[in-house]
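[1] using only what follows, build the 3D model:
(chains A and B)
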Amino acid sequence: DAGVIQSPRHEVTEMGQEVTLRCKPISGHDYLFWYRQTMMRGLELLIYFNNNVPIDDSGMPEDRFSAKMPNASFSTLKIQPSEPRDSAVYFCASSLSGPYNEQFFGPGTRLTVL
Amino acid sequence: AQKVTQAQTEISVVEKEDVTLDCVYETRDTTYYLFWYKQPPSGELVFLIRRNSFDEQNEISGRYSWNFQKSTSSFNFTITASQVVDSAVYFCALSENTNAGKSTFGDGTTLTVKP
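    All right, here's what the predicted structure looks like:
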């Protein structure tokens, strides 16, 4: 079975542009997580979904960030407008239901905002 | 609230040395789960081990071993006879039964194993 798929793997954009990151979770997993990783702040949980419903978005930095999960096999994280401080690696992860289940991480999207 | 502390930001050892990565956690739940993940230079986080709060038995997997002690709220990770390929960032994480699905990660420990 394929792992978590993220696209694009690398994104370079200019300040003010809209950026959309995409994620396909592992089939059958009902939890999906979006993380951001930077040197300064480490690994931060931005938002997570259970059965396509957002459960906790308290980690979303500000209104410029939004995430959707229109179906069980697809999620997007959008930044509009992007700023240089948004430069980071964004990970998507999925897991089966239950706190005892490990998370499976995608390869990440390295975002650079110039 | 759940919290995970990895006090060691960076550790550097020479190949074949043993190294222990510390993890201390805080939780009010009696049922919880602890995890270790590895992030090699390639970037992807990989699950290593899971432990539940009712199982304090230590675990060994090859050169890796884990020591879970509820009395000190610690879940430490030891690599025996370290190798260059062990160089990575290691994350400890906690998941509470009452907060199903959400894990809190520590800040990670960067391990460098020199040849």
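
[2] and residue 60, how many neighbours does it have?
    All of this is about chain A. Neighbour count for residue A:60, taken as other CB atoms under 10 Å in any protein chain shown: 19. From N, CA and C alone the C-beta is placed, and that goes for glycine too.

[3] chain B is the one I meant
    10.

[4] bridging across strands, which residues link to it?
    Judged by DSSP bridges, the bridge partners of residue B:60 are residue B:65.

[5] could I get the pLDDT score of it?
    At residue B:60, the model reports a pLDDT of 88.

[6] how close does it sit to chain A?
    According to CB to the nearest CB, to the nearest Å, residue B:60 stands 19 Å off from chain A.

[7] next up, the contacts around residue A:53.
    Taking CB atoms under 8 Å, 6 or more residues apart in numbering or on different chains as the contact definition, residue A:53 lies against residue A:69.

[8] residue A:7 versus that one, what's the distance?
    23 Å (CB to CB, to the nearest Å).

[9] again with residue B:65
    Counting by CB to CB, the gap from residue B:65 to residue A:7 is 38 Å.

[10] please apply the same query to residue B:52.
    For residue B:52, the distance to residue A:7 - CB to CB - is 35 Å.

[11] ok, residue B:65 and residue A:7, which is more surrounded?
    Neighbours were counted for residue B:65 and for residue A:7 using other CB under 10 Å; residue B:65 has more, 17 against 14.

[12] that one and residue B:48 touch, don't they?
    No - between residue B:65 and residue B:48 there is no contact under CB atoms under 8 Å: 11.2 Å.

[13] nearest spatial neighbour of residue B:5, skipping sequence neighbours?
    residue B:24 (4.7 Å; CB to CB, 6 or more residues apart in numbering or on different chains).

[14] hmm, the one you found is touching residue B:34, no?
    No - counting by CB under 8 Å, residue B:24 does not reach residue B:34; the two are 10.8 Å apart.

[15] of those two, which one has the most company?
    residue B:34 (23 against 16).

[16] alongside chain A, which residues does chain B contribute?
    Selection of chain B residues close to chain A by CB under 8 Å from any CB of the partner chain yields B:32-33, B:35, B:37, B:43-47, B:50, B:52, B:91, B:95-97, B:99-105, B:107-108.

[17] drop anything exposed from these.
    For these, a neighbour count by 16 or more other CB atoms under 10 Å in any protein chain shown gives the buried set as B:32-33, B:35, B:37, B:44-45, B:47, B:50, B:91, B:95-97, B:99, B:101-105, B:107-108.
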